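Participant: Compute the structure for the input listed below.
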Amino acid sequence: MIGTWQLVRLALRRDRVLLPVWVLFLVGVTYSTTTALEELYGSQESRALLGVTANANSAFLAMLGPLHDWSSLGGLVVWRWGVFSGLFIAIMAMLVVTRHTRAEEEAGRTELISATVVGRHAPLAAAVVVAGGTSLLIGLLQALALIGKDLAPAGAFAFGLSTASAGLVFTGVSAFTAQLSENSRVSNAVAGGFLGVTYLLRAAGDAAGESGPQWLTWLSPIGWTEQVRSFGDNRFWVLLIPLVVFAGLVGVSAYVVTRRDVGLGLFAARLGPAQGSIGSPFGLAWRLQKGSLIGWSTALFGVGVIYGSVAQAVGQMVQDNPALGQVVQRIGGADAMVDAFFATVTQLLGLISSIYLVQALLRLRSEETSFRAEPVLATPVPRWGWVASHAVFALVGGAVVLASAGLGLGLVHGLQVDDLGTVLPRMLGAALVQLPAAWVLAGVTLLLFGVFPRLTGVSWAVVSASLVLTLLGPTLGLDQWVLDVSPFTHVPKYPDITFGPLAWLTAVAVLLLVAGFGGFRRRDLTT
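Facilitator: Numbering: from 1, shown residues only. All right, here's what the predicted structure looks like:
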């Protein structure tokens, strides 16, 4: 463990911008969400109606979880923001741990540091301290923010600690996945896949109903944050489960560290074919990107299947709630509710797919900084051809990913309503209409890579900002000009799809992509 605190200081110095942004984002959204919900649901009657509506609708349960306590403002905050807070802090923990463990080994810096007076466990311990400490800090500040809004301290700390527990669990998950592969992208992909599975388990358990497998929620770290029931029962004992899992994963990771070579993973890297060659930049890009494309397409198809299976419950909700039925009747009836549900779901799928596009383009930067791009470009391969080979997987691959999501939506819902021939094309169109907005984010990523390569990582901040503005901006009561910063704000809502905004978004994406191509052709490679 010698040198742990020196490495902690080094990690904090390197993340002196990234970590404060995560802290301000998660704490700020918690406070803003509380303020917005206080204005929207100030009376007990409005909260009671929301509680009956939310808990009677499988779609709401799948997306946000159950509303355990609608009598208090704190209960509404937990319901509206709790799941997303757990997801975001898990992503933060994964990125931080992988950055300071596997990515450092991949770059060769861990080997240099290990040649000094530094213990074998110190790099892993430092990463765990930074990620886990940041998670606890976020949870504490969230609790204080809620107390500042005159909410019950016990419920506030239950919520803050439940959010922090998700960060601790995925600190342990990433510490373990960092031991599996020689590649940081694979480590993040495995950890991210586990996060996706835990979210789906929680969604399936919450939407199952009293006669269904609600126990699935207990298999999910995100579900554990719900089971604390902040501002309701305040079951602090549930927090022991993530603590035990965190300790176990970190312990196993520490054991594996001492039984593998620096730079290698628990599983040996798979060798390429004994015979054959890669004859073009596109062939190389296919070799590097095909696993990610297949994984994302499969995952989004599964998400589409889940949301498609609960869509029919949206119309049934009107029958269960006469007061809501009167309101819905004025806006077009149950069919309008189903359309609004699909508009929200396809927008969410578009936001998720944009993560794939950015990830695919960031492969360019990782190839450059690891000095694998230089020998490729030393051959007759032109710069534009090398960039275009990866850009194809971002732009066309994004369409494949969204089409997979739309296929899952349309297939399940079409079979439920016995109108597959009509529903399936509509769902495919509703999903693919999100593509131009995702292309804009891809264009921003390529622009940063081509013109400002050291700021390429800002692409994730752009994606996060778009996600927050799109999903939470209306709830937070933000001005329209702020909401317009996100390209997904300009996508026409299903079923009223017009092609004017899509053409403008596509034009903006093309300009950004062209600027990125031009910038890379004129700059030096990273040395």
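Participant: Buried residues in stretch 134-149, which are they?
Facilitator: Of the residues in stretch 134-149, 134-146, 149 count as buried by neighbour count, 16 or more other Cβ atoms under 10 Å. C-beta: built from backbone N, CA, C; applies to glycine.
Participant: er, stretch 458-469 I mean
Facilitator: Going by neighbour count (16+ other Cβ under 10 Å), the buried part of stretch 458-469 is 459-460, 462-464, 466-469.
Participant: I'd like those residues written out as TSV, with secondary structure and pLDDT added.
Facilitator: Written out in TSV, the entries for these read as follows (DSSP: H, G, I helix; E, B strand; the rest coil; pLDDT from 0 to 100):
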residue	secondary structure	pLDDT
459	helix	86
460	helix	82
462	helix	87
463	helix	87
464	helix	80
466	helix	87
467	helix	81
468	helix	78
469	helix	83
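Participant: still on that earlier bit, what's the closest of the buried residues of stretch 134-149 to residue 521?
Facilitator: Within the set of the buried residues of stretch 134-149, residue 134 lies nearest residue 521; the separation is 38.9 Å, counting by Cβ to Cβ.
Participant: Show me what the stretch of helix or strand the closest one belongs to is packed up against.
Facilitator: Residue 134 belongs to helix 122-148 when elements are defined using DSSP states H and E. In terms of contacts (3 or more Cβ pairs under 8 Å, 6 or more residues apart in numbering; DSSP states H and E), helix 122-148 is packed against helix 4-14, helix 18-40, helix 73-100, helix 109-114, helix 153-177, helix 240-257.
Participant: If we ignore the residues flanking it in sequence, what's nearest residue 394?
Facilitator: Ranked by Cβ to Cβ, 6 or more residues apart in numbering and with sequence neighbours excluded, the top spatial neighbour of residue 394 is residue 360, at 4.1 Å.
Participant: what does residue 73 give?
Facilitator: Per Cβ to Cβ, 6+ apart, closest to residue 73 is residue 38, 5.6 Å.
Participant: and if you look at residue 510?
Facilitator: Nearest residue to residue 510, sequence neighbours excluded (Cβ to Cβ, 6+ apart): residue 443, at 7.5 Å.
Participant: Retrieve the pLDDT associated with the one you found.
Facilitator: In this model, residue 443 is scored at 93, pLDDT.
Participant: In three-state terms, label it for me.
Facilitator: When the structure is split into helix, strand and coil by DSSP: H, G, I helix; E, B strand; the rest coil, residue 443 lands in helix.
Participant: you'd agree it is up against residue 511?
Facilitator: Yes - between residue 443 and residue 511 there is a contact at 7.3 Å, judged by Cβ atoms under 8 Å.
Participant: So for the two, which residue has more residues nearby?
Facilitator: residue 443 (27 against 13; other Cβ atoms under 10 Å).
Participant: distance of that one from residue 352?
Facilitator: For residue 443, the distance to residue 352 equals 18 Å [Cβ to Cβ, to the nearest Å].
Participant: I figured residue 74 hits residue 230, correct?
Facilitator: Yes - assessed by Cβ under 8 Å, residue 74 is found in contact with residue 230 at 6.8 Å.
Participant: what are the phi and psi angles of the residue nearest to residue 394?
Facilitator: Note on residue 360: backbone dihedrals following degrees, to the nearest 10 are phi -60, psi -40.
Participant: Counting neighbours, what do you get for it?
Facilitator: Applying other Cβ under 10 Å, we find 26 other residues in the vicinity of residue 360.
Participant: Could you do the one 3 residues further on as well?
Facilitator: Using other Cβ under 10 Å, the number of residues around residue 363 comes to 17.
Participant: same question, the one 10 residues further on
Facilitator: Using other Cβ under 10 Å, residue 373 has 20 neighbouring residues.
Participant: dump the residue contacts of it.
Facilitator: 364, 367, 386, 525 (Cβ atoms under 8 Å, 6 or more residues apart in numbering).
Participant: can you put the helices and strands packed on helix 122-148 in a markdown table and add distance to residue 285 and mean neighbour count?
Facilitator: Rendered in a markdown table, the data for the helices and strands packed on helix 122-148 read as follows (distance: least, Cβ to Cβ, whole Å; neighbours: other Cβ atoms under 10 Å):
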| stretch | distance to residue 285 | mean neighbour count |
| --- | --- | --- |
| helix 4-14 | 30 | 16 |
| helix 18-40 | 28 | 18 |
| helix 73-100 | 23 | 25 |
| helix 109-114 | 27 | 16 |
| helix 153-177 | 25 | 27 |
| helix 240-257 | 32 | 16 |
